[in-house]
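1. Here is my input, please return the structure:
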Amino acid sequence: MNVTMLLLLVGGIMTLLILGYMLLDGASPAKESQRRLQAVRYRHSESTSQRVESQLKKAIAARRPKQFKPAGSGSRLEALQTRLERTGMGWSLQQYLYASLGIAVVITALLYLQTGAALLSLGVGIMVGAGLPHLGVGYFIKRRTNQFNAKFPDAIELLVRGLRSGLPVTETLGVVASEVPGPVGTEFRAVVERIKIGRTMEESLQVTADKLGTPEFQFFVITLAIQRETGGNLAETLSNLADVLRKRAQMKLKIKAMSSESKASAYIVGALPFIVFGMIYWINPSYIGAFFTDDRLIVTGLGGLVWMSIGAFIMAKMVSFEI
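-> Residues are numbered from 1 along each chain as shown. Below is the predicted model:
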């Protein structure tokens with residue numbers, strides 16, 4: 001078995017691991033729907049539980065084509081474009097592809113000049129060129145999502161005060177867009193602009209919900225949809241939603257604090273082999289340089305990377321909690 005076949009085999013194994021992670025990662029839609037249904041039942045009396053359940057199913061069934069279609073599910077390029085929009089940085093698809101290609105070329109050239117192993121340099125360059133921009137986009141998405149979720153309960157409280165003062169929903173959305181800074185104001189301004197050009201409020205909110213991809217804003221959209229079907233005091237419902245979102249954020253912070261020690265240990269254990277390998281190679285390249293030329297050592301190194309990836313995946317799932 002030559003080096004090319006080994007690289008193909010390891011690449012196939014890594015692809016299967018990534019696909020398995022993508023399939024298993026994320027919240028279950030069935031669990032989320034059941035949880036929202038139980039929350040609605042809890043807020044209403046037991047005598048009206050059947051009526052509330054039927055109204056909820058009716059609202060979800062009417063919104064099913066948009067509510068349960070993931071944003072960017074049409075193609076990979078559409079999904080990538082949606083991820084770039086969620087960063088809020090204004091990056092285009094061409095800029096992302098050029099950045100990935102440039103990083104891959106630079107890493108491949110540097111490794112080839114240092115080691116002389118063409119196939120290994122090309123494989124590592126492709127992996128870094130594809131993975132590093134993806135991780136960067138994920139970081140900016142997570143940062144913007146956290147900023148949005150931190151201010152979103154305040155925006156809902158502002159909506160509640162506007163509704164209690166007698167303003168219509170569309171006017172209170174405009175107040176939120178102008179008063180709340182950061183991503184919340186930006187997204188609500190986009191909603192108000194869509195309403196001004198003739199789109200319905202539910203459709204405008206759903207476009208923003210698909211763009212953000214956060215359960216917090218999805219709760220808000222579904223709450224407004226159910227309220228339009230069942231009627232009642234919208235201000236009180238939104239006030240309860242704001243309280244639930246604040247408690248949800250507090251629970252996330254508690255989980256983060258409790259799992260921070262385990263995450264730090266995982267980071268140290270995972271990074272230590274690479275740090276030691278780099279230091280030894282920097283001090284004495286001939287001692288460890290056979291990992292780039294000897295087939296047996298290449299197999300050993302690639303096998304170690306695969307098992308470390310499996311261990312990192314298992315540890316990530318162990319410290320990941322669904323709220």
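2. quick one: Leu238 and Leu159 touch, right?
-> Yes - between Leu238 and Leu159 there is a contact at 5.7 Å, judged by CB atoms under 8 Å. (Each C-beta comes from the backbone N, C-alpha and C, glycine too.)
3. neighbour-wise, which of those two wins?
-> Leu159 (25 against 21; other CB atoms under 10 Å).
4. List the contacts of the more buried one.
-> Contacts for Leu159 (CB atoms under 8 Å, 6 or more residues apart in numbering) come out as Val169, Thr172, Leu173, Val175, Val176, Leu238.
5. change it to 10 Å
-> Residues in contact with Leu159 (CB atoms under 10 Å, 6 or more residues apart in numbering) are 167, 169, 172-173, 175-176, 188, 220, 224, 234-235, 238-239, 241-242.
6. now do Arg164
-> Thr172, Asn233, Leu234, Ala235, Glu236, Ser239.
7. how close does it get to Gly182?
-> For Arg164, the distance to Gly182 equals 24 Å [CB to CB, to the nearest Å].
8. And Gly213, by the same measure?
-> For Gly213 relative to Gly182 (CB to CB), the value is 17 Å.
9. swap in Gly129?
-> Relative to Gly182, and taking CB to CB, Gly129 is found at 32 Å.
10. and what of Ala312?
-> The spacing between Ala312 and Gly182, counted by CB to CB, is 33 Å.
11. same thing with Thr208?
-> 15 Å.
12. Which parts of the stretch 151-300 of the chain are helices?
-> With helices called from DSSP state H, counting those that start in this stretch, the stretch 151-300 of the chain shows them at 169-179, 183-196, 201-212, 215-230, 234-283, 285-288, 295-318.
13. so which of the ones you listed comes closest to Leu84?
-> Leu84 lies closest, by CB to CB, to one member of the helices of the stretch 151-300 of the chain: helix 201-212, at 10.9 Å.
14. how far does that closest one sit from the chain's center?
-> Chain-centre distance of helix 201-212: 17 Å, with CA atoms, centre = their mean, to the nearest Å.
15. OK, contacts around the closest residue to Met89 other than its chain neighbours?
-> Nearest in space to Met89, with sequence neighbours left out and distances taken as CB to CB, 6 or more residues apart in numbering, is Phe140 at 6.0 Å. Applying CB under 10 Å, 6+ apart to Phe140 gives the contacts Arg83, Leu84, Arg86, Thr87, Gly88, Met89, Trp91.
16. which element is Phe140 on?
-> Element membership for Phe140 (DSSP states H and E) is helix 118-164.
17. That helix - what's its average pLDDT?
-> If you average the pLDDT over helix 118-164, you get 86.
18. quick one: that helix to helix 234-283, angle?
-> 160 degrees (axes from the mean of the first three to the mean of the last three CA atoms, to 10 degrees).
19. can you tell me which of the helices of the stretch 151-300 of the chain comes nearest to Ser100?
-> Here helix 295-318 is closest among these (CB to CB), at 20.5 Å.
20. list the buried ones in that closest one?
-> By neighbour count with 16 or more other CB atoms under 10 Å, helix 295-318 contains the buried residues Ile298, Gly301, Leu302, Ser309, Phe313, Met315.
21. Check these against Leu272 and report the nearest one.
-> The shortest approach to Leu272 among the buried residues of helix 295-318 belongs to Met315, at 14.0 Å (CB to CB).
22. Per-residue pLDDT of that closest one, please?
-> The model's pLDDT for Met315 equals 76.
23. May I have the residues that are in contact with the closest residue to it other than its chain neighbours?
-> Excluding its sequence neighbours, the residue lying closest to Met315 (CB to CB, 6+ apart) is Ala266, at 4.6 Å. Residues near Ala266 by CB under 10 Å, 6+ apart: Ser259, Gly311, Ala312, Ile314, Met315, Ala316, Met318, Val319.
24. Now the element after the helix or strand of the chain with the lowest mean pLDDT, going C-ward?
-> Lowest by mean pLDDT, DSSP states H and E among the helices and strands of the chain is helix 49-67, with a mean of 49. Reading on from helix 49-67 to the C-terminus, the next helix or strand found by DSSP H and E is helix 76-87.
25. Distance check, Met318 against Gly311.
-> 11 Å.
26. Tyr112 too?
-> Taking CB to CB, one finds Tyr112 at 30 Å from Gly311.
27. and what of Gln114?
-> From Gln114 to Gly311 the distance is 28 Å (CB to CB).
28. what's the answer for Val244, then?
-> The gap separating Val244 from Gly311 is 36 Å, by CB to CB.
29. Next: Leu245.
-> Per CB to CB, Leu245 is found 35 Å from Gly311.
30. so where's this structure uncertain?
-> 1-75, 320-323 (pLDDT under 70).
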